[in-house]
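K.L.:
Test case, fold it:
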Amino acid sequence: MGSERRRLSDRPAGPMTVIAAGTRFEGRLSGEGCVIVSGQLIGECDFAGTVTVADGGHWEGTLQADDVMIAGRVAGDVVARGRVELGQRAQVTGTVTGLSVAIAEGAIIEGQLQAGARGEDDPVVFSEKRGR
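P.N.:
Prediction:
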């Protein structure tokens with residue numbers, strides 16, 4: 001199995017920015033590397049890298065990045081130039097767009113889902129194997 005099929009959380013790269021639990025950020029977020037949101041973020045971002053909304057994290061606004069992983073809640077559109085992964089507890093109210101989208105059983109999307117072509121015949125199967 002090649003590295004392109006590994007879960008996004010298994011391969012972070014670049015500098016890391018953390019919005020910790022109990023922290024609230026309002027505004028526009030931009031940059032590169034990895035962002036982990038465990039607190040609350042209200043605003044927009046266009047990030048060159050991976051944005052993770054952790055379990056317990058909340059994002060309100062447009063989230064645009066190379067790759068996006070959601071285990072918490074997002075109220076707004078999610079646009080990934082690459083992959084989107086929705087964990088078991090993910091809740092998204094808005095449009096989810098990505099080159100490829102992986103959705104774990106239990107994830108909730110209230111809106112539209114748009115996945116681009118991967119250029120492969122068989123879909124990639126995603127199964128959450130980590131305990132809560």
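
K.L.:
distance of Cys45 from Met69?
P.N.:
Between Cys45 and Met69 the computed distance is 14 Å (CB to CB, to the nearest Å). For the C-beta atoms, the positions are set from N, CA and C on the backbone; glycine is no exception.

K.L.:
neighbour-wise, which of those two wins?
P.N.:
Set Cys45 next to Met69 and count neighbours by other CB atoms under 10 Å: Met69 wins out with 25 against 19.

K.L.:
ok, back up a step: shared neighbours, Cys45 and Met69?
P.N.:
Val51 (CB atoms under 8 Å, 6 or more residues apart in numbering).

K.L.:
Find the residue ranges of this protein scoring beneath the pLDDT cut-off.
P.N.:
Applying pLDDT under 70 to the chain flags residues 1-13, 117-132.

K.L.:
What are the boundaries of the strands in it?
P.N.:
Counting by DSSP state E, the segments of the chain that form strands are 16-19, 24-37, 40-53, 58-60, 63-70, 73-75, 78-80, 83-86, 91-93, 96-98, 100-103, 108-110, 113-115.

K.L.:
The fifth one pairs with which strands, and in what direction?
P.N.:
Strand 63-70 has the following sheet partners, assigned by DSSP bridges: strand 40-53 (parallel), strand 78-80 (parallel), strand 83-86 (parallel).

K.L.:
burial count for the closest residue to Gly57 other than its chain neighbours?
P.N.:
Spatial nearest neighbour of Gly57, excluding adjacent residues (CB to CB, 6 or more residues apart in numbering): Gly72 at 3.7 Å. Per other CB under 10 Å, the neighbour tally for Gly72 reads 22.

K.L.:
which residues touch Gly72?
P.N.:
Contact analysis of Gly72 by CB under 8 Å, 6+ apart lists Val37, Ser38, Val53, Ala54, Asp55, Gly56, Gly57, His58, Trp59, Arg89, Ala90, Gln91.
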